[in-house]
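[1] coords below, sequence missing:
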Ligand code: ADP
Ligand code: MG
């Protein structure tokens, strides 16, 4: 028996029952891992209380204050003190209720958890009560409770989150990151509950003012009014599921997966298989490496889903998954291919227009099919590969007759990117080393230690990054745009763009705020003159948020990295001999040629003697 067991057996009783405050603190780690999860719980409680207006007030990205004020049903004074107990819930009474959940919460854990790790002030009043109750609770201990005059409904202020859990507090990311988590939490709730009005203040500034309306209006308020041109409505139902919402037109697909919202019974979910159902509907319509936006709400019988999931997780299991998959895909396809009444999509927030069926006798316009004009099926990876392979064979044939070291003709039938190319012999002394492009992705050339295989995109990223870092502001000459371009962002992203504006300008952009989270771009660096500016700036913001999470804390580096990524040649771009030679020369004059700016390898060197052993 191991030593430590013997020790234990010899000791007297050692098991303690943990005090509630400690147990709650441990449980809190599961429910509240960052300010955004407290925001989620409080907003859900307000909705469960039947609120039609909810205010979210946050200070310092939730570190010092998260307050939610609702006009819901409120609580009696007894309930007000009970609600902070663990497993205190008004939403279920028995196990059977677990199969018929109509509320967002039901575990009775959230408030107990929050009160264990923060200082909480609750004020609540039932609609027909004259006085309300105020409770102050800190680290699970009630500090005070007394009657107060307050509006009906509930206000919960959570102060100094994690005040007694320093490890958790220190683990929090920069304010910009925590704030964007909070913002995303609000979006996930507000998009599907468009009948509830939400306001959101951060450090005294109003970031969202979302009036009650339909989902189309909500999307417009949350993202931008420009979305009215970007989406198709979907609305279908069968015995198993009702599907309602909007899917993005293919030409507005984005480079990041950001705007993909799937909900079931009013709850945001992540469901890779159902997301695939929507994406498959687009088939070949999407440009490569882009993702469609969608905002899709499913309604199913609560007994046909397993919602008994972890509080912070968003996974859900469906009994009828296959049917829902097929239905979702067909619905999305129909919208993309046969959408008839595009003009009915109405965002005007002042009117309550909905998508009711067309009046009797109405003759619909000819069906129009939306497609991406710039999509080129011959640019698909498989076509590129075929083309590259045939060029390889041509190349190989020429060399086979020219070079004495050429392999036998039989080898040409199975293209292999790593034979010993007779490039060194082919070039006279003193000239730049010849290069060859393979699969429109790699540059093959020769260096003294062997054959070098360079990833064209990564190498180019390194070169551009170095140039941007070295020459800073002077690196890119601005080019005036013929037509200024307006770009719109979510409120939190717009804050980031404002923050980054001096740095972006220094890189050759001319950009100015227009208000309402919109910016106008009038000039760009020459190399970026033709690109989609909304996508470019979205990418810069996304990269900035990511790099805040990771190692790049320096804005300048972060921006250079993002621009380098977007300006670099992609796989699939055919390079001329001179371009390849320039790229190889530039790469090897970098102080760090072997790594892309994000740390990925740029090349490998193959020792010719090792290939055929
Ligand atoms: P759950 O939501 O899972 O029931 P919570 O800990 O979030 O558990 O809340 C406990 C209980 O407190 C709820 O069941 C509800 O009765 C009450 N409650 C919480 N927030 C509110 C609110 N904003 N308005 C009215 N009642 C509330
Ligand atoms: Mg709750």
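    Ah, there it is. Fair warning: this is a prediction, and the values are worked out from it, not measured in the lab. Residues are numbered from 1 along each chain as shown. Ligands and ions are numbered 1, 2, ... in the order given.
[2] near ligand 2, anything from stretch 69-89?
    No: on the criterion C-beta under 5 Å from the ion, stretch 69-89 is out of touch with ligand 2, staying 7.5 Å away. For glycine as for every other residue, the C-beta is placed from the backbone atoms N, C-alpha and C.
[3] pull out the buried residues from that stretch.
    69-75, 77, 80-81, 83-84, 86, 89 (16 or more other C-beta atoms under 10 Å).
[4] close to ligand 1, is that stretch?
    Yes: residues of stretch 69-89 contacting ligand 1 under C-beta under 6 Å from any ligand atom: 70, 72, 73, 74, 75, 83, 88, 89.
[5] hmm, which two among those are most spread apart?
    Farthest pair in the residues of stretch 69-89 next to ligand 1 (C-beta to C-beta) is 70 and 88. Separation: 18.4 Å.
[6] what about stretch 289-296, start to end distance?
    Terminal residues of stretch 289-296 are spaced 22 Å apart (C-alpha to C-alpha, to the nearest Å).
[7] now do the buried residues in it.
    Buried-residue list, stretch 289-296, by 16+ other C-beta under 10 Å: 290, 291, 292, 293, 294, 295, 296.
[8] how far does it sit from the chain's center?
    11 Å (C-alpha atoms, centre = their mean, to the nearest Å).
[9] go on, stretch 41-48?
    Centre to centre, stretch against its chain (C-alpha atoms, centre = their mean), the figure for stretch 41-48 is 23 Å.
[10] show me what that stretch is in contact with.
    The contact list for stretch 41-48 (C-beta atoms under 8 Å, 6 or more residues apart in numbering) reads 31-32, 54, 56, 66, 68, 70, 72, 91, 103-105, 110-111, 113-114, 154, 156, 158, 185-186, 189, 193, 196, 311.
[11] quick one, helices of the stretch 151-300 of the chain?
    166-171, 175-190, 215-222, 272-281 (DSSP state H, counting those that start in this stretch).
[12] just say which of those helices is most tucked in.
    Among the helices of the stretch 151-300 of the chain, ranked by average contacts under mean count of other C-beta atoms under 10 Å, first place goes to helix 215-222 (a mean of 23).
[13] give me the mean pLDDT for it.
    Averaging pLDDT along helix 215-222 gives 93.
[14] how close does residue 496 sit to residue 183?
    Applying C-beta to C-beta, to the nearest Å, the value for residue 496 to residue 183 is 11 Å.
[15] downstream of the helix or strand harbouring residue 559, the next helix or strand is which one?
    Using DSSP states H and E, residue 559 sits in helix 555-567. Sequence order places helix 577-588 as the next helix or strand after helix 555-567, per DSSP H and E.
[16] now that following helix: buried residues?
    Neighbour-count burial for helix 577-588 [16+ other C-beta under 10 Å]: 579, 580, 581, 583, 584, 586, 587.
[17] what does the stretch 51-200 of the chain have sitting close to ligand 1?
    Checking the stretch 51-200 of the chain against ligand 1 by C-beta under 6 Å from any ligand atom, the hits are 70, 72-75, 83, 88-91, 105-112, 154.
[18] same thing but 8 Å
    51, 68, 70, 72-75, 79, 82-84, 88-92, 103-114, 124, 153-154, 156 (C-beta under 8 Å from any ligand atom).
[19] in the stretch 1-150 of the chain, where is pLDDT below threshold?
    1-11 (pLDDT under 70).
[20] write out the residues of it neighbouring ligand 2.
    So the stretch 1-150 of the chain meets ligand 2 at 45, 105, 110 (C-beta under 5 Å from the ion).
[21] I'd like those as TSV, with distance to residue 237 and neighbour count appended.
    Formatted as TSV, those follow (distance: C-beta to C-beta, whole Å; neighbours: other C-beta atoms under 10 Å):
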residue	distance to residue 237	neighbour count
45	30	23
105	27	20
110	32	24
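[22] narrow those residues to those in helices?
    Applying DSSP state H to these, the entries found in helices are 45, 110.
[23] excluding its backbone neighbours, what's nearest the closest residue to ligand 2 within the stretch 1-150 of the chain?
    Nearest to ligand 2 in the stretch 1-150 of the chain, going by C-beta to the ion, is residue 105, at a distance of 2.7 Å. Nearest residue to residue 105 in three dimensions, chain neighbours excluded: residue 44, at 5.4 Å (C-beta to C-beta, 6 or more residues apart in numbering).
[24] where's the one you found relative to ligand 1, distance?
    Remark: distance between residue 44 and ligand 1 (C-beta to the nearest ligand atom, to the nearest Å) = 7 Å.
[25] what is the burial count for that residue?
    20 (other C-beta atoms under 10 Å).
[26] now do the buried residues in the helix holding residue 559.
    Going by 16+ other C-beta under 10 Å, helix 555-567 has these buried residues: 555, 557, 558, 559, 560, 561, 562, 563, 564, 565, 566, 567.
[27] farthest pair within the buried residues of stretch 69-89?
    Greatest spacing in those, by C-beta to C-beta: 71 and 86 (27.4 Å).
[28] show me the contacts for whatever residue of the stretch 151-300 of the chain ends up closest to ligand 2.
    Closest contact between the stretch 151-300 of the chain and ligand 2, by C-beta to the ion, is at residue 156 (10.8 Å). Residue 156 sits next to 42, 45, 67, 68, 111, 120, 121, 122 when contact means C-beta under 8 Å, 6+ apart.
[29] wasn't the fourth one part of a strand?
    Yes: if the criterion is DSSP: H, G, I helix; E, B strand; the rest coil, then residue 68 is within a strand.
[30] isn't it right up against residue 53?
    No: using C-beta atoms under 8 Å, residue 68 makes no contact with residue 53, being 11.3 Å away.
[31] which one of those two has more residues nearby?
    Legend: neighbour count by other C-beta under 10 Å for residue 68 and residue 53, higher for residue 68 (23 against 16).
[32] which secondary structure element contains the residue nearest to that one when sequence neighbours are not counted?
    Excluding the flanking residues, the one nearest residue 68 by C-beta to C-beta, 6+ apart is residue 42, at 4.0 Å. Using DSSP H and E, residue 42 maps to helix 35-48.
[33] compute the inter-axis angle for that helix and helix 175-190.
    20 degrees (axes from the mean of the first three to the mean of the last three C-alpha atoms, to 10 degrees).
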